[in-house]
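J.: coordinates for the following, if possible.
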Amino acid sequence: MRRNLAFYSLLVMFITVLMKISGLLSKIVITKYLSPLEYGILTFVTISLPLMFQFVTNLSFFNLLSHSKKGKHYFKFSLFYVILSCAVIIALFYIFLDKILTMFEISPDYAQITFLTFSLLLFPMSVSVVLMGLFRGLRKYSVATITSSLPTFLKFVFIAILAVTLQKLTLNLTILATVISTWVALLAIVAYEWQTIKSSIHTKYFLPKLDMFLFSLSIFTVGSYGTLLQIIGRLIIAYDIDVTYQGYLDISITLMTLLSIPMIALSFLTIPEATSANTKEELLTGEINDVARLLLSILVFLVIIVSIYPHELIMFLFSSKYSPAAEYVVFLAVGSIFMFIQQFIAYVEISFYETLSEYRPFVIFTIACLVLFLATTHILVILFGFIGVYVSNLLFKVVYFAGSLKVSSKKTAKIFLTKIERLTISTVATISFLLVTKGTLNFIFEIAIAAIIFTLLVVKTKYFDLRKLLYSL
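T.: Residues are numbered from 1 along each chain as shown. Below you'll find the model as predicted:
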């Protein structure tokens, strides 16, 4: 029997929490052994570069395959494209390797490890995204979430084993653990879901039709916005300042992984649920109503904590040598609330579009914001230094949120506007408590008490129907 949306939203959050904890623990262990320069190199070759080129290898296939009614027909085409594009990009990367290293002021001593790491990570990471899209479209939410989380969990296991057995970690060993965990996770998922994958491969070869292409392209551009802001920010910091500060920015973004948990849960479920509904009204009056408000309330509490205790969290999780990462975290934290609401509104609206004229505003506006963000961030970093990337990030999340409201129907945004005063009361009361009591207890105890206060307030004020959510489980 298929579980309902409330169950899967909590399941996705639970698996995502395990993934984020694993990723966080990995970085805690790694930063204990690697210098800020080495950590900057590590994030550049295992995160920034592969993610940047994945926008070419995966295009919008993850979202194309996520369409619950039509997506599975395009799995064979998506897989073929991924294999071909990875081969071409790896060849071009090898040809222009020296120029790429020079552009980002990376020492030629790292040329071999950069190319090998990039080559070994791009393919499995790209194929995993295609598989996640397939499972998501089939509404196999648990398998799709495990596919995205397993590499991170295995990486922590391998990192922990190396650190315990060798009592040290080097840059090369850390990269090796990353590569092995990515491949092992992919092979395990393929083996576990082989029948599903096999049956999807054996279906007729379909090229995406115009309506599906527009759907996937729109979801891709909108859904990639936050990730692209991070990637562009990383690259500008590496180019305008140095790769060490890119490492600091990565630590700030790592702290934001706490906030991404409810965002991932909502975005992961919205597209399949929206494309399976017959009308927008059917979707918005269903389970997703209370689920969306529950996830928003969780996000707001996490934003409060990260904004009030950034230095304490950085010191607790990492060390004092990464303290610059805590200075401007509040900009990223506040921006995540705007992105949460914007993403939900955009996903719902696009899921019910049918014509080019309807899709066009979101796509054009997204591209325009990204171009302006690149230019603005470059200017702000040159003028004001490290803080520039954080200010620009918040600014363009607010602009993107406002623009999305402009081109969307009021019915979709109403989910969050309804009962918003109840969430506001809970938020103000929790912030007031923390500002008054901060420093009187250990910050972990202060957070625990604040969590109890916030939870009681949002439940008692009935910002969401807890009884209905518990009953539906």
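J.: residue 216 contacts residue 58, correct?
T.: No: if you go by CB atoms under 8 Å, residue 216 and residue 58 don't touch, sitting 10.7 Å apart. C-beta: built from backbone N, CA, C; applies to glycine.
J.: measure residue 174 to residue 34 for me?
T.: 7 Å (CB to CB, to the nearest Å).
J.: tell me the pLDDT at residue 5?
T.: pLDDT, residue 5: 61.
J.: residue 234: what's it in contact with?
T.: Counting by CB atoms under 8 Å, 6 or more residues apart in numbering, residue 234 makes contact with 43-44, 47-48, 246, 249-250.
J.: with residue 197 instead?
T.: Listed by CB under 8 Å, 6+ apart, the contact partners of residue 197 are 131, 134, 190.
J.: I figured the second one was touching residue 73, is that so?
T.: No: look at residue 134 against residue 73 with CB under 8 Å: they stay out of range, at 10.8 Å.
J.: so the two - more neighbours on which side?
T.: Higher neighbour count among residue 134 and residue 73: residue 134, with 27 against 21, using other CB atoms under 10 Å.
J.: could you pull up phi and psi at that one?
T.: Torsion angles at residue 134 (phi, psi; degrees, to the nearest 10) stand at phi -60, psi -50.
J.: local confidence estimate at it?
T.: pLDDT, read off for residue 134, is 89.
J.: show me what contacts it?
T.: 65, 71-72, 75, 196-197, 200.
J.: okay, who's weakest in those residues by pLDDT?
T.: The model is least sure about residue 71 among those, giving it 73.
J.: could you pull out the buried residues of stretch 251-268?
T.: Across stretch 251-268, burial judged by 16 or more other CB atoms under 10 Å covers 251-268.
J.: helices of the stretch 251-400 of the chain, residue ranges please.
T.: Using DSSP state H, counting those that start in this stretch, the helices of the stretch 251-400 of the chain run over 257-276, 280-284, 288-308, 310-317, 329-351, 356-384, 387-406.
J.: and those, which one averages the lowest pLDDT?
T.: Looking at those, the weakest mean confidence is helix 280-284, a mean of 64.
J.: next, count neighbours for the nearest residue to residue 32 once chain neighbours are set aside.
T.: Distances taken as CB to CB, 6 or more residues apart in numbering put residue 319 closest to residue 32, at 7.1 Å, once the chain neighbours are dropped. By the measure other CB under 10 Å, the count of residues near residue 319 is 12.
J.: if I look at residue 319, how far off is residue 156?
T.: Applying CB to CB to residue 319 and residue 156 gives a distance of 18 Å.
J.: ok, back up a step: farthest pair within the contacts of residue 134?
T.: Spatially, the most separated pair among the contacts of residue 134 is 71 and 197, at 14.2 Å (CB to CB).
J.: what segments of the stretch 101-250 of the chain are helices?
T.: 111-137, 141-166, 171-192, 194-201, 210-223, 225-240, 243-255.
J.: next, the angle from the last one to helix 387-406.
T.: If I follow you right, that is helix 243-255. Here the directions of helix 243-255 and helix 387-406 differ by 40 degrees (axes from the mean of the first three to the mean of the last three CA atoms, to 10 degrees).
J.: name the residues that touch helix 243-255?
T.: The contact list for helix 243-255 (CB under 8 Å, 6+ apart) reads 23-24, 27, 31, 36-37, 39-41, 43-44, 47-48, 104-106, 230, 233-235, 237-238, 306, 310, 313-314, 317-318, 322, 324-326, 328-329, 332, 386, 389-390.
J.: and those, which are buried?
T.: Among the contacts of helix 243-255, those buried by neighbour count (16+ other CB under 10 Å) are 23-24, 27, 31, 36, 39-41, 43-44, 47-48, 104, 106, 230, 233-235, 237-238, 306, 310, 313-314, 317-318, 322, 324-326, 328-329, 332, 386, 389-390.
J.: residue 38 against residue 171, yeah?
T.: Yes: because the distance of 4.8 Å satisfies CB under 8 Å, residue 38 is recorded as touching residue 171.
J.: how about residue 367, what does it touch?
T.: Residue 367 neighbours (CB under 8 Å, 6+ apart): residue 221.
J.: give me the element the closest residue to residue 264 other than its chain neighbours is part of.
T.: Using CB to CB, 6+ apart and skipping the chain neighbours, the partner closest in space to residue 264 is residue 16 (5.1 Å). Assessed by DSSP states H and E, residue 16 sits inside helix 5-33.
J.: gap between that helix and the chain center?
T.: 12 Å (CA atoms, centre = their mean, to the nearest Å).
J.: let me know the angle separating that helix from helix 171-192.
T.: On the basis of the same axes, to 10 degrees, helix 5-33 is oriented at 160 degrees to helix 171-192.
J.: hang on, the earlier thing: of the contacts of residue 234, closest to residue 361?
T.: residue 48 (30.1 Å).
J.: which residues touch the closest one?
T.: Residue 48 neighbours (CB under 8 Å, 6+ apart): 231, 234-235, 238, 246.
J.: what do residue 174 and residue 34 both touch?
T.: The contact sets of residue 174 and residue 34 overlap at residue 42 (CB under 8 Å, 6+ apart).
J.: between those two, who's got more neighbours?
T.: residue 174 (25 against 19).
J.: thought the more buried one was touching residue 30?
T.: Yes: the pair residue 174 and residue 30 passes the contact test of CB under 8 Å, sitting 5.7 Å apart.
J.: if you count contacts, what does the helix or strand residue 421 falls within end up packed against?
T.: Applying DSSP H and E as the criterion places residue 421 in helix 420-437. Where contact means 3 or more CB pairs under 8 Å, 6 or more residues apart in numbering; DSSP states H and E, helix 420-437 is packed against helix 288-308, helix 443-460.
J.: pLDDT of it, averaged?
T.: Average pLDDT, helix 420-437: 92.
J.: quick one: contacts of it?
T.: 293, 296-297, 300-301, 304, 308, 446, 449-450, 453-454, 457-458, 461-463.
J.: which among those count as buried?
T.: Buried members of these, scored by 16+ other CB under 10 Å, are 293, 296-297, 300-301, 304, 308, 446, 450, 453-454, 457-458, 463.
J.: taking those together, which two end up most distant?
T.: The widest separation within those, taken as CB to CB, falls between 293 and 446 and amounts to 25.7 Å.
J.: overlap in contacts, residue 174 and residue 30.
T.: 42, 159.
J.: tell me the domain ranges of the chain?
T.: Using automatic domain parsing, the domains assigned to the chain come out as 1-207, 209-473.
J.: from memory residue 327 sits against residue 391, does it?
T.: No: look at residue 327 against residue 391 with CB under 8 Å: they stay out of range, at 11.8 Å.
J.: number of nearby residues for the residue lying closest to residue 379 once chain neighbours are set aside?
T.: Once flanking residues are discounted, residue 379 sits nearest to residue 388: 7.7 Å by CB to CB, 6+ apart. Per other CB under 10 Å, the neighbour tally for residue 388 reads 23.
J.: residues contacting residue 388?
T.: By CB under 8 Å, 6+ apart, residue 388 lies in contact with 377, 379-382.
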